[in-house]
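Trainee: I would like to see how this sequence folds:
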Amino acid sequence: MMSQKNESNSPLHVSPQATPRVGKSDRTRAAILNAALDFVWSHPFRDMTVTSLMESTGASRSAFYQYFTDLHEVMETLLKMFGEEIFTAVEPWLTGVGDPIAVIQETLAGLVDVCYQRGPFLRAITDAATTDRRLEQAWLQFLAGFDDAATARIEADQKQGLIPDFEARPVAYALNRLDAYTLLQAFGKHPRKRPEPVLEALTRIWTSTLYGADGLGKESSDLVRT
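Mentor: Model prediction:
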């Protein structure tokens, strides 16, 4: 029988949980992913082994290879999960209407909150990407997805006269890489830094770069996105 842990080091579990109503295959796969999340919450990826993961699930070591080819595929699976969560957090600025100053503040608050909660996981993913070409490609595609989305949003706001005319993609790239580095440095290792100063810094940079210094320190503006 697969053992169930009473406590978890990480604040996040994947679904489905190991309940009798869920099929054994799904339970085992979820247990492996949960074990990986627990591990990287307090240990570097380089110390992770298949044996250590499977010991914590109560399943055999050989069972791991029924679901994953290696540890990097585990991390790639987690990356896809986090990517969906982060894209949900930034949805207000990407697709919302109304005051862009208000929606970008809402978006950055959501992004900082997600990365504060998941920072050690994202750090483990970036560390693992340096040792595996496939995972490195997945990480780069993950970042490129944000570049594409931010570029499209900037260009749309430029057409409405909300953002000055400049080449959008290099600015989107620079802002997204700034976010990635800042959030990983602040939240990727324990003890994590306080989220409030990080949010303030990112808000000042994004707001002033895209919508002008007049929007700094304001919760709303006279700008209207349709």
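Trainee: can you give me the strands in this protein?
Mentor: Under the criterion DSSP state E, the chain contains no strands.
Trainee: In the longest helix seen in it, which residues are buried?
Mentor: Identified as the longest helix of the chain according to DSSP state H is helix 100-129. Residues 100-112, 114-129 are the ones in helix 100-129 that count as buried (16 or more other C-beta atoms under 10 Å). (Each C-beta comes from the backbone N, C-alpha and C, glycine too.)
Trainee: which helices and strands sit right next to it?
Mentor: helix 24-42, helix 71-89, helix 91-95, helix 133-159, helix 168-187, helix 195-211 (3 or more C-beta pairs under 8 Å, 6 or more residues apart in numbering; DSSP states H and E).
Trainee: Work out the gap between the third one and the centre of the chain.
Mentor: A distance of 16 Å separates the centroid of the chain from that of helix 91-95, by C-alpha atoms, centre = their mean, to the nearest Å.
Trainee: Just the buried positions in it, please.
Mentor: 92-93.
Trainee: could you list every residue that touches the residue nearest to Glu85 when sequence neighbours are not counted?
Mentor: In space, and not counting its chain neighbours, Glu85 is closest to Val114: 5.8 Å by C-beta to C-beta, 6 or more residues apart in numbering. Taking C-beta atoms under 8 Å, 6 or more residues apart in numbering as the criterion, Val114 is in contact with 82, 85-86, 89.
Trainee: which one of those residues is nearest Arg134?
Mentor: Checking the contacts of Val114 against Arg134 with C-beta to C-beta, the nearest one is Phe82 at 17.1 Å.
Trainee: so what pLDDT did that closest one get?
Mentor: Per-residue pLDDT puts Phe82 at 88.
Trainee: Quick check, it in contact with Pro120.
Mentor: No. With contact defined as C-beta atoms under 8 Å, Phe82 does not reach Pro120; the gap is 11.5 Å.
Trainee: Quick check: which ranges of this protein have low pLDDT?
Mentor: Residues of the chain meeting the criterion pLDDT under 70: 1-13, 15-24.
Trainee: same thing but 90
Mentor: Low-confidence segments of the chain (pLDDT under 90): 1-28, 42, 56, 58, 81-84, 190, 213-222.
Trainee: Which among the contacts of Val114 count as buried?
Mentor: 82, 86, 89.
Trainee: List the contacts of Pro44.
Mentor: Counted by C-beta under 8 Å, 6+ apart, Pro44 has contacts 124, 127.
Trainee: distance of it from Lys159?
Mentor: As defined by C-beta to C-beta, to the nearest Å, Pro44 lies at a distance of 45 Å from Lys159.
Trainee: Leu33 now?
Mentor: 42 Å.
Trainee: if you count what's nearby, which of those two comes out ahead?
Mentor: Leu33 (23 against 10; other C-beta atoms under 10 Å).
Trainee: check contacts around the more buried one.
Mentor: 14, 74, 77-78.
Trainee: ok, of these, which one's closest to Ile154?
Mentor: Leu78 (29.3 Å).
Trainee: Next, count neighbours for the residue lying closest to Arg134 once chain neighbours are set aside.
Mentor: Distances taken as C-beta to C-beta, 6+ apart put His72 closest to Arg134, at 6.6 Å, once the chain neighbours are dropped. His72 has 20 neighbouring residues, counting by other C-beta under 10 Å.
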